[in-house]
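Colleague: fold the following and give me the result.
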Amino acid sequence: MNTKFTPPDSGFIFWPVGTGDSTTIRISPTVHIQVDIRHLARAEDAEDPTWPVIDELAKILPKSQGKPYLSVFALTHPDQDHCQGFADLQKRVFISEMWMSPRTFREFKDGDDLCDDARAFHEEAMRRVRRTIQANRAPDLGDRIRIIGYDRLLETPEFRDFPSHFLTIPGHTITTVDGRDFRDTFAAFVHAPFREDSFGDRNDCSLAFQFSVSCGYHTGRALLMGDLSYPIIQRILERSDNESLKWNVLLAPHHCSKSVMYWEDDSYPMPGIMRHFADTALNPGYVISSSDPVPATNRPGDNPPHAKAKEQYELIVPSKFLCTQEHPTEVSPDPIVFEVGPDGFRWIGIVPPKKPLSQVLGTPGAAALPATATGFGCGHE
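Modeller: Model prediction:
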């Protein structure tokens, strides 16, 4: 594993952590948002191709009072492959603010099966909720929390006095990070979770954002949708305007799962989903699979990543589909890094071989994308 890594001053970092999510949004060299964490014990072995993401964060984060300082940790949902290592992160890194869905509160209260790291996250979140309610002013560093989405649970006495300005619902934009307003350089438009999904599957309550990072006149945009599947994503696409859905980077939901575009019937993708992703893609545009290498084919019942999903994404971004665990190689992957700088948005990495468009159009499932999809989503700015 190559451990020589220099992050951009601002941009997006997708870490190779196997099939799981660990994404760092760098607003500046001193301000970072970490969305999800997956730190595998085996990553501590220098020969293992997965990266020890907590070790790497400790290197690139600014220091405060001798400890790495993380402005925000956001948990999309409490599955292990999204929060693995949180307890260790909390010990080694000072986390000033946390963002979360109220689903974690509900699962803990209902006695659902949460992994140890999800329970550690819940305990810390509840501590911060109590501190926020008790404070007569803005909570101190290390006590801050933002609840994203709504649930009737928040109407109970335990949460009733939680300040509304630390609660954000879909359709609104967050520009305040760790108590500071970054509206000139950062915005997080909240797409989900929706109130009506509170009692649904855990994946259906994932946080979903359009993150925008700017430098001067240039902006890079990333869509992160946790483990959402077709019904919720379709609802997002129907309710949101195109501006809040534009992307230079699309993190393929649920680790490149076919459940995003195939529903009930695996034969054909659902109409409209891939066209909408194509229409909102910016140029340049990249799809990231945060996963182990995508197989050539899958058997029924296989977990993500799914080959059928990759085929559909490659129709939108020929030669710009990247998998974290095979970039640039499976044996020695590197983080996938995008920089937003004075010269614009760019991918910092090894360019893969060009794949002829005729080859892309000839892949299985290609006919499922309407032929009128302008430029396959590229060319919009």
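
Colleague: next secondary structure after the helix or strand harbouring L223?
Modeller: Using DSSP states H and E, L223 sits in strand 218-224. Where DSSP H and E defines the elements, the next helix or strand beyond strand 218-224 is helix 230-239.

Colleague: quick one: contacts for the nearest residue to E158 once chain neighbours are set aside?
Modeller: Among residues not flanking E158 along the chain, V129 sits closest, at 7.9 Å (Cβ to Cβ, 6 or more residues apart in numbering). C-beta here means a position set from N, CA and C on the backbone, and glycine is covered the same way. By Cβ atoms under 8 Å, 6 or more residues apart in numbering, the contact list for V129 reads 145, 147, 158-159, 162.

Colleague: and V337, by the same measure?
Modeller: By Cβ under 8 Å, 6+ apart, the contact list for V337 reads 7-8, 11-14, 347-349.

Colleague: now the end-to-end length of stretch 78-94.
Modeller: End-to-end distance of stretch 78-94 (Cα to Cα, to the nearest Å): 20 Å.

Colleague: for stretch 48-58, same thing?
Modeller: End-to-end distance for stretch 48-58, by Cα to Cα: 19 Å.

Colleague: list the buried ones in it?
Modeller: Of the residues in stretch 48-58, 49-54, 56-58 count as buried by neighbour count, 16 or more other Cβ atoms under 10 Å.

Colleague: just to revisit the earlier point, quick one, the strand holding L223 and helix 230-239 angle?
Modeller: With axes from the mean of the first three to the mean of the last three Cα atoms, to 10 degrees as the basis, strand 218-224 and helix 230-239 are set at 140 degrees to each other.

Colleague: tell me the strands beside strand 218-224, with direction?
Modeller: Partners of strand 218-224 in the sheet, by DSSP bridges, are strand 208-215 (antiparallel), strand 247-251 (parallel).

Colleague: just flag the most distant two among the contacts of V129.
Modeller: I145 and E158 (13.8 Å; Cβ to Cβ).

Colleague: neighbour-wise, which of those two wins?
Modeller: Neighbours were counted for I145 and for E158 using other Cβ atoms under 10 Å; I145 has more, 21 against 15.

Colleague: just say helix, strand or coil for the more buried one.
Modeller: Here I145 is strand, with the state taken from DSSP: H, G, I helix; E, B strand; the rest coil.

Colleague: with adjacent residues omitted, what lies nearest to it?
Modeller: I145's closest residue in space is R128 (Cβ to Cβ, 6+ apart), at 3.9 Å.

Colleague: does R119 belong to a helix, a strand or coil?
Modeller: Under three-state DSSP, R119 falls in the helix class.

Colleague: what does the one 5 residues further on give?
Modeller: Following three-state DSSP, E124 is assigned to helix.

Colleague: run a quick neighbour tally on it.
Modeller: The tally of other residues near E124 (other Cβ under 10 Å) stands at 19.

Colleague: ok, it to L40 distance?
Modeller: Note on E124: its distance to L40, by Cβ to Cβ, to the nearest Å, is 21 Å.
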